[in-house]
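# For reference, the sequence and a predicted model appear below.
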Amino acid sequence: MAVMTPFLPNAEKYGPLDSRNMAVDALPWKPTPTPGIDMKVLVKDDETGLLTALFRWQPGTVLALHEHVEIEQSYVLEGEFEDDDGVYPAGNFAWRPKGHRHIARSPKGALVLCFFLKPNKFLGGELDGQELK
């Protein structure tokens, strides 16, 4: 498995089994397919779909209907987000099983650390069939 850590300074100095130490504040925010949600990619493996990222939700953002293709885990660092199952405030951890489908919202804004084994897939609308990468 070729796990990649983007934007890692001096990446060439690391051996295949060395720890990677990242200054997360120095990483750039990258737009997602959903306006109002940006991400900082911490770990990404294009071969498997593995992704660990910080997601910054602007107040009022809605993430369109999507399916969790594998288990997804979220830890809310700041603010809160919600769906039809509940509200997830700062300090809460939520995980969703493979096949779970929902629309997520963040009326107040949020900062969320998420772990994906495979990218989510959007269902319907203008993002139909696209993956979150």
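Okay, I see it.

# so how far is the strand ranked longest in the chain from its chain's centroid?
The longest strand of the chain (DSSP state E) is strand 72-83. Centre-to-centre, strand 72-83 and its host chain are 10 Å apart (CA atoms, centre = their mean, to the nearest Å).

# tell me which residues in it are buried?
By neighbour count with 16 or more other CB atoms under 10 Å, strand 72-83 contains the buried residues Glu72, Ser74, Tyr75, Val76, Gly79, Glu80, Phe81, Glu82. C-betas here are computed from N, CA, C, even on glycine.

# Distance to Lys121 added to the residues you listed, as CSV?
As requested, those are arranged in CSV below (distance: CB to CB, whole Å):
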residue, distance to Lys121
Glu72, 11
Ser74, 17
Tyr75, 22
Val76, 23
Gly79, 25
Glu80, 25
Phe81, 19
Glu82, 21
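
# Turn these into CSV, columns for distance to Glu47 and pLDDT.
Below are the buried residues of strand 72-83 laid out as CSV (distance: CB to CB, whole Å; pLDDT from 0 to 100):
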residue, distance to Glu47, pLDDT
Glu72, 19, 95
Ser74, 23, 97
Tyr75, 25, 98
Val76, 29, 98
Gly79, 33, 98
Glu80, 34, 97
Phe81, 29, 95
Glu82, 33, 96
